[in-house]
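Asks: coordinates for the following, if possible.
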Amino acid sequence: MKTVQPTQFGKFLLLEPLGSTRTTEMFRAVDLSKRFFDGFVMVKRLLPSLGSDLRATKILVYEAKVTRELSHPSIIKILEAGKVRDNLYITEEHPWGRNLLAVLRQLREAKHKMEPEVAIYLAIQICRALDYAHTRKLSFGNKRFVVHRNLSLKNLWIGFDGTVHLYDFGTEPVSLTGPDAANLDFRAICALSPEQIAQGYYDHRTDIFSLGTILYELVTGVHPFKGKDLASVQKAISAANPAPPSSHAAIPPELDKVILKCLARDIENRYPRASTMLMQLESLLTSLDDSLDPDGLGNWMKNLFQREIYLEIRSLHEAFSQCLGSGSLVLRSIPAYLFQRSQPRARSGKLERTAPAVKTRAIAELEEETRVMLEQDSAASDSMETILIDDAPGKDTGVLSTDEEQSLVDNYEPADAHLEDETILLDEKNPPAPGLRRPTLVGPGALPGAGALPPPPARPPAPARPAGPPAGRPASEPPNPQFEPSAPGGPTPAGSFATGPHSRLTRSQLGATPGSAPRPGAAGPRAAAPQPPPPAPAAPPTPAPGNRGKSPLERLSSMSPEDLRMVVVTLIFTIVLLLIVLLVLSGS
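Replies: Residues are numbered from 1 along each chain as shown. Okay, the predicted model is just below:
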């Protein structure tokens, strides 16, 4: 960020462009309606030429609604959707940091490679977010499962505080045959999967292939499918036969295997779930450096972008030191806010670059100049123009209601919705999260070629119970649908596996697998069970044999010292209480 040229857009001050798509443009911005600065936001608005385009509007609102369905620390949150003078926009969180593409370019300029530990740590955070998203089903439209299908270095973000974030869930997929295919560049298609190149059916394992491509480039600094032109890149991705990452960099053999498994051409040979890949990566990171945490990654980022951080703070200070208007206090506090968060945190770890770096003389002088400038709040240079902020920045800004958002996405599906294959989510090769067990489907919903799970261990036969309702409930009362199915293979009980991939499984399918005996007592008539005999009446308590026939003095003499002390204290307390009562009565 070399120069700040802000532009006001409703209640937002747009600081710099972050990129554009076929229908939208993105900006880093500040919300002027807040009383204090707590972070940047990203404003994504429709291109001015598409302000009345209904499909472009639906695409942007659909993205906002999909992202709102996801609540995960590593998935960027949608803040609001609204209009400024009929120009539709959405705002998202935008942590202070850089995307992975900028990180790789900075490493190349410094002639460094990313340490395998840092790359694995990043992949772990991405895997956690993907595994969360892949098991979520949308609550609107056709209730599709969430697949990102646009993962790239551009929409993976690392904050200077060490947090990792994913952008662009719910965005339109890259089209290789659409009207804008001629405008695509290498970075737009380099992380696509072979099935996306072939415009064929895909599922959540498309994201695993894209993550493998990104992880390959992080650890080696070389893209696995780089070619002379876009046609050769697409051909290389379709073949999916890259050289092992270990041929470009010294990495652990286990990491080599993980990356190559992600990049398998046959979708069946990849990891069935992001959680499966996650477990291998976590085990590998533990063996390399189990001390890496957000503070360590934040220090690594600050050490990599030392000079750029201080230049950005100085540029923001020069731009905002003379601003006037209702949002001027918010803007003038930004440089000090960032400077306070630019200092690395003290920590110990195996990686040298995750500890606070020893600053060079040039960096130390730049830091000191920035500190003095903020303390003195020096005036902006004569070449900078004063920023005039509207006294009522929110007067042209309107937020969309939930009903307005819903009306805009009614009857809308992404362009590739017909290619998404959701049946894999019921496959036994795609296990659920730990703690859940997925049985094999039987009947019309069964997948071809799916093998049966091993039968559950045999249980001892349970005593039969009489037919009819349980004791204590009238025969006219209907059975509880959650615990007592009315018939084998009946409808799925409300409240059991109501969401996620298991929502299609019936209770009978959850209770048995092909070739296994039904669970005793799960269905069918219940035979009469022998009733247990009534309990015998309790005998009346009898006095302890040791105290029978003894006088009070004999009982006192047989007490322990602790019991005697308690008796004496009780007597004294009683006597004192009686004396107080007598004194009160005599005085009255």
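Asks: so where do the strands sit in the stretch 101-250 of the chain?
Replies: 156-159, 164-166 (DSSP state E, counting those that start in this stretch).
Asks: among those strands, which is nearest residue 399?
Replies: strand 164-166 (23.4 Å; CB to CB). (Glycine included, C-beta is placed from N, CA and C.)
Asks: quick check: mean pLDDT across that closest one?
Replies: Taken as a whole, strand 164-166 has an average pLDDT of 96.
Asks: show residues contacting that strand.
Replies: 74-76, 93, 95, 122, 125-126, 129-130, 148, 151, 155-159, 297 (CB atoms under 8 Å, 6 or more residues apart in numbering).
Asks: if we use 10 Å, what do you get?
Replies: With contact meaning CB atoms under 10 Å, 6 or more residues apart in numbering, strand 164-166 is reached by 67, 70, 72-77, 92-95, 97, 99-100, 121-126, 128-130, 133, 148, 151, 155-159, 207, 294, 297.
Asks: where does residue 313 fall, secondary structure wise?
Replies: helix 306-320 (DSSP states H and E).
Asks: what's that helix packed up against?
Replies: In this structure, helix 306-320 packs against strand 12-20, helix 328-332, helix 334-340, helix 361-376, with contacts taken as 3 or more CB pairs under 10 Å, 6 or more residues apart in numbering; DSSP states H and E.
Asks: with mean pLDDT as extra columns, can I get these in a markdown table?
Replies: A markdown table is the format used below for the helices and strands packed on helix 306-320 (pLDDT from 0 to 100):
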| stretch | mean pLDDT |
| --- | --- |
| strand 12-20 | 91 |
| helix 328-332 | 84 |
| helix 334-340 | 90 |
| helix 361-376 | 82 |
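Asks: need these in TSV with mean neighbour count, can you?
Replies: Converted to TSV, these look like this (neighbours: other CB atoms under 10 Å):
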stretch	mean neighbour count
strand 12-20	18
helix 328-332	18
helix 334-340	18
helix 361-376	14
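Asks: which among these is found nearest to residue 559?
Replies: That would be helix 334-340 among the helices and strands packed on helix 306-320, by CB to CB, at 70.0 Å.
Asks: one step back: out of the helices and strands packed on helix 306-320, which is closest to residue 311?
Replies: Checking those against residue 311 by CB to CB gives helix 361-376 as the closest, at 7.6 Å.
Asks: ok, residues contacting the closest one?
Replies: 303, 306-307, 309-314, 317-318, 321, 335-336, 338-340, 342-343, 357-360, 378.
Asks: what subset of these is buried?
Replies: Judged by neighbour count, with 16 or more other CB atoms under 10 Å as the criterion, the buried members of the contacts of helix 361-376 are 303, 306, 309-310, 312-314, 317-318, 321, 335-336, 338-339, 342, 357, 359.
Asks: burial of residue 577, as a residue count?
Replies: 10 (other CB atoms under 10 Å).
Asks: distance of it relative to residue 583?
Replies: In this structure, residue 577 and residue 583 are 11 Å apart, going by CB to CB, to the nearest Å.
Asks: residues contacting the nearest residue to residue 72 once chain neighbours are set aside?
Replies: For residue 72, ignoring the flanking residues on the chain, the nearest one in space by CB to CB, 6 or more residues apart in numbering is residue 132 at 4.7 Å. Each residue near residue 132 by CB under 10 Å, 6+ apart is listed here: 70-75, 146, 274-275, 433.
Asks: can I get those residues in TSV including distance to residue 184, neighbour count and secondary structure?
Replies: What follows is the contacts of residue 132, written out as TSV (distance: CB to CB, whole Å; neighbours: other CB atoms under 10 Å; DSSP: H, G, I helix; E, B strand; the rest coil):
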residue	distance to residue 184	neighbour count	secondary structure
70	27	20	coil
71	32	10	coil
72	29	16	coil
73	32	12	coil
74	27	20	coil
75	26	21	strand
146	24	22	coil
274	27	23	helix
275	32	20	helix
433	36	11	coil
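Asks: can you add pLDDT and distance to residue 55 and give those residues back as TSV?
Replies: Converted to TSV, those look like this (pLDDT from 0 to 100; distance: CB to CB, whole Å):
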residue	pLDDT	distance to residue 55
70	92	24
71	91	28
72	94	29
73	94	33
74	95	30
75	95	25
146	89	21
274	94	31
275	93	36
433	41	36
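Asks: which helix is the longest one in the chain?
Replies: Ranked by residue count and defined by DSSP state H, the top helix of the chain is helix 561-587.
Asks: find the least confident helix or strand in the protein, judged by mean pLDDT.
Replies: helix 507-511 (a mean of 40; mean pLDDT, DSSP states H and E).
Asks: where does pLDDT dip in the stretch 301-450 of the chain?
Replies: Counting by pLDDT under 70, the ranges of the stretch 301-450 of the chain that qualify are 326, 347-358, 377-398, 400-450.
Asks: how many neighbours does residue 99 have?
Replies: Neighbour count for residue 99, taken as other CB under 10 Å: 18.
Asks: distance of it from residue 144?
Replies: 27 Å.
Asks: same thing with residue 272?
Replies: For residue 272, the distance to residue 144 - CB to CB - is 19 Å.
Asks: kindly report the same for residue 571.
Replies: For residue 571, the distance to residue 144 - CB to CB - is 80 Å.
Asks: repeat for residue 130
Replies: Per CB to CB, residue 130 is found 16 Å from residue 144.
Asks: settle it for me: which of those two has more neighbours?
Replies: residue 130 (28 against 15).
Asks: excluding its backbone neighbours, what's nearest the more buried one?
Replies: Spatial nearest neighbour of residue 130, chain neighbours left out: residue 274 (4.2 Å); criterion: CB to CB, 6+ apart.
Asks: pretty sure the one you found contacts residue 129?
Replies: Yes: counting by CB atoms under 10 Å, residue 129 is a contact partner of residue 274 at 8.5 Å.
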